[in-house]
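S.K.: sequence plus the predicted model coming up.
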Amino acid sequence: MKELSLNILDIAENSVKAGASEVKISLEETDETLKITVSDNGCGMKEDFLKSVTDPFTTTRTTRKVGLGIPLFKMEAEQTGGSLSIESRHVELYPENHGTTTSALFYKNHIDFIPLGDVISSLVVLIQGSPDIRWRYTHTLPHGEVSLDTDELREVLGDVPLSAPEVLSWISEYLGEQYAEAGA
Amino acid sequence: MKSLAELAAIKEKMQNRVVLREGSSNIRVVVGMATCGIAAGARPVLNTFVEEVNSQNLGDKVTVTQTGCIGICQFEPVVEVFEAGKEKVTYVKMTSEKAKEVVEKHLKGGHVVEEYTISNI
């Protein structure tokens, strides 16, 4: 991937596929590190699947026997000296609090660190594709914070869908202004 | 600064139109958004379709949606156009520029942009 924001988009699509009603994307950034966490309340994974999930030959898709989303994300973290971890609770064992949390740590000053890129664009795509999910986004920067909770927007919007183009461009500008203020 | 009040204004404006839009759109644009599509550049393609459909006021007849892996990863970004009563059109190796052209010629003008379709590879 050319930008880590594309990995975020890709990993969050797994949450969508897992039937999550709430997905939290959080970015914690210092001058040295970037930690990306995607956590959802989807169906979760069974232990066997979880163990093999960083293997490219494990996938949920039916058109091919390979899945590169998580292996790529892991490789990109490790090539900066960082790491990836996944925790998951399958719905059968944890009917009350199932879901998956994927977390990757990057060292920003490493030469192989891939830039975050256009994370706003990824969020807009996710909201456009799954407007009924509650998307919660926070990006903690060294000098500020950017955040979005689609439930707050939904309260204002009523039955106007979050995927309406006017709403999407509002979201995009809203986040853009927050980033400008946070000095990013 | 963007405010929630502004969002409320968007709601007011939209509400009347939403009713009209339901069920009346007869063209569906589907963008492949799996790992393969994303890595190949599907994100700007999708966003271009959404923006162009909006700015050209095609929202009443065109819906833009996403799907997973279509199975032809080597041709990503892949975009499928479904239209009632017509055969599906599959565009391959799409870019933002090509997406704009497809909106203009195909979605607006009704003419398939043959040179970007899979049958032309």
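M.R.: Yes, it's here.
S.K.: residues in chain A within reach of chain B, list them.
M.R.: Within reach of chain B by C-beta under 8 Å from any C-beta of the partner chain, chain A has these residues: A:1, A:6, A:9-10, A:13, A:17, A:61, A:63-64, A:67-69, A:72, A:118, A:121-122, A:124-125, A:128-129, A:152-153, A:156-161, A:164-170, A:173-174, A:177. For the C-beta atoms, the positions are set from N, CA and C on the backbone; glycine is no exception.
S.K.: just give me the longest helix of chain A.
M.R.: In terms of residue count, the longest helix belonging to chain A (DSSP state H) is helix A:165-181.
S.K.: ok, and what's touching it?
M.R.: With contacts defined as C-beta atoms under 8 Å, 6 or more residues apart in numbering or on different chains, helix A:165-181 is touched by A:120-121, A:123-124, A:127-128, A:137, A:144, A:146-148, A:153, A:157, A:160-162, B:1-2, B:6-7, B:10, B:13-14, B:50-51, B:53-54, B:59.
S.K.: write the ChimeraX selection for whichever of the residues you listed are buried.
M.R.: Buried residues among the contacts of helix A:165-181 (16 or more other C-beta atoms under 10 Å in any protein chain shown), as a ChimeraX selection:
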select /A:120,121,123,124,127,128,137,146,148,153,157,160,161,162 /B:7,10,14,50,51,53,54,59
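S.K.: give me the subset of the contacts of helix A:165-181 lying in strands.
M.R.: Among the contacts of helix A:165-181, the members falling in strands (DSSP state E) are A:137, A:144, A:146-148.
S.K.: how about a markdown table for the residues you listed, with distance to residue A:39 added?
M.R.: Below are these laid out as a markdown table (distance: C-beta to C-beta, whole Å):
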| residue | distance to residue A:39 |
| --- | --- |
| A:137 | 12 |
| A:144 | 23 |
| A:146 | 18 |
| A:147 | 15 |
| A:148 | 16 |
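S.K.: what is the lowest-pLDDT residue among these?
M.R.: Minimum pLDDT for the ones in strands among the contacts of helix A:165-181 is recorded at residue A:144 (93).
S.K.: neighbours around the residue nearest to residue A:116 when sequence neighbours are not counted, how many?
M.R.: Sequence neighbours aside, residue A:4 is the residue nearest to residue A:116 in space, at 4.9 Å (criterion: C-beta to C-beta, 6 or more residues apart in numbering or on different chains). Residues lying near residue A:4 (other C-beta atoms under 10 Å in any protein chain shown) number 23.
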